[in-house]
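In: this one's structure only:
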C-alpha cells in the first residue's frame, strides 16, 4: 500500500510564516519564500539571482549590518541573532530579528547560508518589557524554523518542540510529550551518542545519525545537541537541532555505488584507458594499459602522456583540431617497455568546461595488432591473387583481340554491315576489359611496391594540357565547357611523366563523366613551396558519407538512380597512389547536387627553374 506523502518540502518552505532566505557563500540569493517577498513588496523572481547587498528595498544601514556579519562569518566567528529593517509597501518599514545557520553539501563542505527572519515590527525593544518582547521573537523563530528543534528535561524526556518536528517525524503533540529521547533512535545510534559523553562535553555538533518516524521508518538526520544548565552549572536538560539529510545520504549512497561500479568497469575493461589533465599529465590509467605496455601505474602517473607514444604519433594527437570536434578516432601506435611499438585504435575525448577551456582528456585504446597482421596477410594474398588473375586474363585477351582485328579487317572473308556492328561492340568491350585488367595490374604493382617510376624534370602545365587532349572528343559530345587557368610561373617538377599524366587524366575524366551541363575548370598555381592543381566541376557532386569511399579500392560510389559508371573502382585509388609516391596528396570538396573540386598538392623539394629546361 502506497504511503501518504506527509508534506511537500518546497511548499512548506514557501508558506512558512517566517521569512526564509537561502544564500550562496558569496551572498547571491538562491531562494526566498513568499513571506520575504511580501515584506519587500516584490516578486520572488525579481530577487533570486541577485546579490543581497544590491537589493534596493534593503536600507543602507541594514546592508552594512549584514555585511559586517558576513565578514565575521568569513573569518570563522559565530554570528549571533541581530536586527535589520526592510523597506516594504509605500516605504513601510518591517523590523526583523535575523538568525543564520550554515548548510553543507553532500561532501560536508559549507556552501550555503540559511537566513531566518522573524517579524519584530510593533515590538518596542527599548522599553522595560524588552526581555519579554525578545522572548516573543525567539519563540517565533523557534516555532517557524524549517529545522526540527526539541528540548528535553533532565530525565531525557521531550518537553518542548517546534511545528517542524511534528511534520518531520509524522507525530502529534500527544506522541511527543514526555517521550524518552532514547525511543527515537535505534540502539546502535544511542551507543554512538553515549560514547560522545554529551553531558560531560556539553555539546556535539553535526552528528550524522538516524531517527524513527511514527511509521517505524528510519530516516537519516544531522543532529546537533547542546546541554542546558541552570545558574549553578547543573545540567537540567538538552536541546537538539535536527536536519533531515535523507536526500543527501541517498545521493551519497548512489554516488558511492556508481563510483564502485565505474571503478570496477574502469579496472576490468577489455581496453586500455588513460586520463589526463589539461597539460596532458596522466592522472589515471587502468590495469589493461599497464599490462599492455608492461609498465607499473606508479611509473605512469604524473608523467606527460607523450611517453606512451612514438614522437611522430604523439605530434599527430596534440595537433588534432578540437575547436569544434572534441572526439577523435585514429589508428596510432604506443610504446612497449622494451621499445616495441604496438598498433592501437585510439578514441580520445577532450573535456571542456563551460567557457570552452580544455580541462583534460580520456583516451580509450584497443590493441589491433592481430587485426593489422591479418590485414597484412590478406593484402599479401590479395596481391598474389590479383597478379595471378591479371596474368591469366591478359594472355587469352591478347589472342582474342588479335583474332577480332583479323576478322574486322576482312582477312578471312568479307563481312556484312551487321557483322561489323557486332564486331565493333565486341572490340569496344574487349578494350574496356583490357583497360580494367591493366588497371588491376598497375594497382597490384603499386600495392606491392613493384611499380617502377622514371623520375625526370617536367613542366606540369604541359602534362595537364596533354591530359585534356585525349578527353576533347568526350567533352565536345557532352557539350560542356573546359577552362584551363594555368599559372606561367610554376617551376619544373621532378616526376614520372607518364604516371603523372595518367593520374591527372583520370581525375579530369572523372569530372567529365559526372558533369552533364556547365563547365570544368582546371587551374594550377604555386603556393607555400608546393604546386597545386585544382579540377572543379559543376557536376552532380558527392554525398558527404560517400567522400571517404572515393579512394578505397573496388569501391563504387552511388551517383544517383540509374547511373552506372562501370569499372573496378580503381581509377582514383591508383591516381592517389601515384600522387602519394611523388610526396603529394589529393583532397576533395563536394556539395551534392552542385559539383566537386579535386585538389592535388605536390611538394616542390626537387623543383628546378623552367629556364633550365629550355
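Out: Here it is on my side, so go on. No experiment lies behind these values; they were computed from the predicted model shown.

In: what lies in contact with the helix or strand harbouring residue 473?
Out: Residue 473 belongs to helix 472-478 when assigned by DSSP states H and E. By CB atoms under 8 Å, 6 or more residues apart in numbering, the surrounding residues in contact with helix 472-478 are 482, 509, 512, 515, 516, 520. Where C-beta positions appear, they are placed from N, C-alpha and C, glycine not excepted.

In: wait, residue 65 sits on residue 84?
Out: Yes. With contact defined as CB atoms under 8 Å, residue 65 counts as touching residue 84 (5.5 Å).

In: between these two, which one's more packed in?
Out: residue 84 (21 against 17; other CB atoms under 10 Å).

In: roughly how far apart are the residue of the chain most remote from its centre and residue 237?
Out: Each residue of the chain has a distance to the centre, and by CA atoms, centre = their mean the biggest one is for residue 413: 76.5 Å. Distance, residue 413 to residue 237, by CB to CB, to the nearest Å: 131 Å.

In: circling back: nearest to residue 187, of the contacts of helix 472-478?
Out: residue 515 (88.2 Å; CB to CB).

In: helix, strand or coil for the closest one?
Out: coil (DSSP: H, G, I helix; E, B strand; the rest coil).

In: also residue 171?
Out: coil.

In: secondary structure class for the spatially closest residue to it that is not a sequence neighbour?
Out: Nearest-residue entry for residue 171: residue 214, 4.7 Å, with adjacent residues in sequence omitted and distances by CB to CB, 6 or more residues apart in numbering. Secondary structure assignment for residue 214 (three-state DSSP): coil.

In: tell me the contacts of residue 214?
Out: Contacts of residue 214 by CB under 8 Å, 6+ apart are 169, 170, 171, 175.

In: which of those are buried?
Out: 169, 170, 171 (16 or more other CB atoms under 10 Å).

In: how many other residues sit next to residue 223?
Out: Residue 223, neighbours per other CB under 10 Å, totals 22.

In: picking that back up, export the contacts of residue 214 to CSV and tack on distance to residue 427 and pLDDT?
Out: As requested, these are exported to CSV (distance: CB to CB, whole Å; pLDDT from 0 to 100):
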residue, distance to residue 427, pLDDT
169, 100, 93
170, 98, 93
171, 104, 92
175, 107, 91
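
In: list just the nearest of those residues to residue 23.
Out: residue 169 (28.3 Å).

In: where's the closest residue to residue 466 other than its chain neighbours, which helix or strand?
Out: Leaving aside its sequence neighbours, residue 466 sits nearest to residue 501 (CB to CB, 6+ apart; 5.8 Å). Here residue 501 sits within helix 497-513, counting by DSSP H and E.

In: same check, this time on residue 463
Out: Per DSSP H and E: helix 460-469 holds residue 463.

In: measure residue 268 to residue 50 for me?
Out: Taking CB to CB, one finds residue 268 at 49 Å from residue 50.

In: who has more neighbours out of these two?
Out: Applying other CB under 10 Å to residue 268 and residue 50 shows that residue 50 carries more neighbours, namely 13 against 10.

In: run through the stretch 401-550 of the chain and note the low-pLDDT ranges.
Out: 448 (pLDDT under 70).

In: typo on my end, it should be the stretch 201-350 of the chain
Out: For the stretch 201-350 of the chain (pLDDT under 70), the answer is 201-202, 230-231.

In: tell me which stretches of it form helices.
Out: 246-268, 287-293, 297-300, 311-318 (DSSP state H, counting those that start in this stretch).

In: by contact count, what packs against the second one?
Out: Read that as helix 287-293. strand 272-277, helix 297-300, strand 327-335, strand 358-367 (3 or more CB pairs under 8 Å, 6 or more residues apart in numbering; DSSP states H and E).

In: please identify the most buried of the ones you listed.
Out: strand 272-277 (a mean of 20; mean count of other CB atoms under 10 Å).

In: that one packs against which elements?
Out: strand 282-285, helix 287-293, strand 358-367.

In: make TSV out of the ones you listed and add distance to residue 474.
Out: TSV is the format used below for the helices and strands packed on strand 272-277 (distance: least, CB to CB, whole Å):
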stretch	distance to residue 474
strand 282-285	59
helix 287-293	55
strand 358-367	47
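
In: so for residue 447, which of these sits nearest?
Out: strand 358-367 (25.5 Å).

In: the closest one: what's the following helix or strand?
Out: Beyond strand 358-367 toward the C-terminal end (DSSP H and E), the next one is helix 369-408.

In: any idea how far residue 53 is from residue 488?
Out: For residue 53, the distance to residue 488 - CB to CB - is 73 Å.

In: quick one, which of these two is more surrounded?
Out: residue 53 (13 against 7).

In: SS state for that one?
Out: helix.

In: using the three-state scheme, assign residue 428.
Out: Taking three-state DSSP, the label given to residue 428 is helix.

In: burial measure for it, as a count.
Out: 10.

In: touching, residue 480 and residue 511? I think so.
Out: No. Look at residue 480 against residue 511 with CB under 8 Å: they stay out of range, at 9.3 Å.

In: mutual contacts of the two, please.
Out: residue 520.

In: between these two, which one's more packed in?
Out: residue 511 (25 against 19).

In: report the mean confidence score over stretch 68-75.
Out: What stretch 68-75 shows for mean pLDDT is 76.

In: who touches it?
Out: With CB under 8 Å, 6+ apart, stretch 68-75 has contacts from 27, 78, 79, 82, 100, 102, 113.

In: closest to residue 539 among the residues you listed?
Out: Out of these, the member with the shortest distance to residue 539 (by CB to CB) is residue 27, at 64.8 Å.
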